[in-house]
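# Fold the following, please.
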Amino acid sequence: MKIGIGFDVHNFQSGRKLILGGVEINHSKGLAGHSDADVLVHSIMDAILGACGLGDIGNHFPDSDSRYKNISSLLLLEEVNKKMKKKCLSIVNIDCILILEKPKVSKYFPEMKKRLSGILKISEEAINIKATTTEGLGFCGREEGIAAESAVLLK
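Numbering: from 1, shown residues only. Just a heads-up that it's a prediction; the model follows:
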């Protein structure tokens, strides 16, 4: 068994779509980033890569590479899943947390789990997503951005 953790953060930016867990969220701002800036998927990718001993997403998908400009993070997650499979590993479960004040995102969790499970070829029940606020503290509390943390267990 191998455990990995992943963390990501992006600040809000006007004029971009807000994508979390591969799902477009209705909000006035999106997240800034080279790709679609999906903090949830980025934290999952880092957790998987960490458990595999393969570094982090910056090693595999650098923001200096134009191939990844505005790319869907779900496509990158597919590549990470292939790298994990090459190591003869499979996901037991994933536990994720989104840290944000607004928007409220729990109604999107079923669709997020559906998209993630489809990419990773695992059961939706093997994925847990939750959200919390920081009670107005820090950059998330000031609604300047969103953070995400994920843990993954591989066998």
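# The strand ranked longest in the chain: what's the following helix or strand?
Counting residues, the longest strand in the chain under DSSP state E turns out to be strand 2-13. Later in the chain than strand 2-13, the nearest helix or strand by DSSP states H and E is strand 18-20.
# That following strand pairs with which strands, parallel or anti?
The pairing partners recorded for strand 18-20 under DSSP bridges are strand 23-25 (antiparallel).
# how far is whichever helix or strand comes after the strand it pairs with from where the chain is centred?
The helix or strand immediately downstream of strand 23-25 is strand 30-31, counting by DSSP H and E. Mean-position distance between strand 30-31 and its chain equals 13 Å (Cα atoms, centre = their mean, to the nearest Å).
# other SSEs contacting the next helix or strand after strand 30-31?
Per DSSP H and E, strand 30-31 leads on to helix 39-52 as the next helix or strand towards the C-terminus. Packed against helix 39-52, as judged by 3 or more Cβ pairs under 8 Å, 6 or more residues apart in numbering; DSSP states H and E, are the following elements: strand 2-13, helix 57-60, helix 73-86, strand 91-99, helix 109-120, strand 145-154. Backbone N, C-alpha and C define where each C-beta goes, glycine included.
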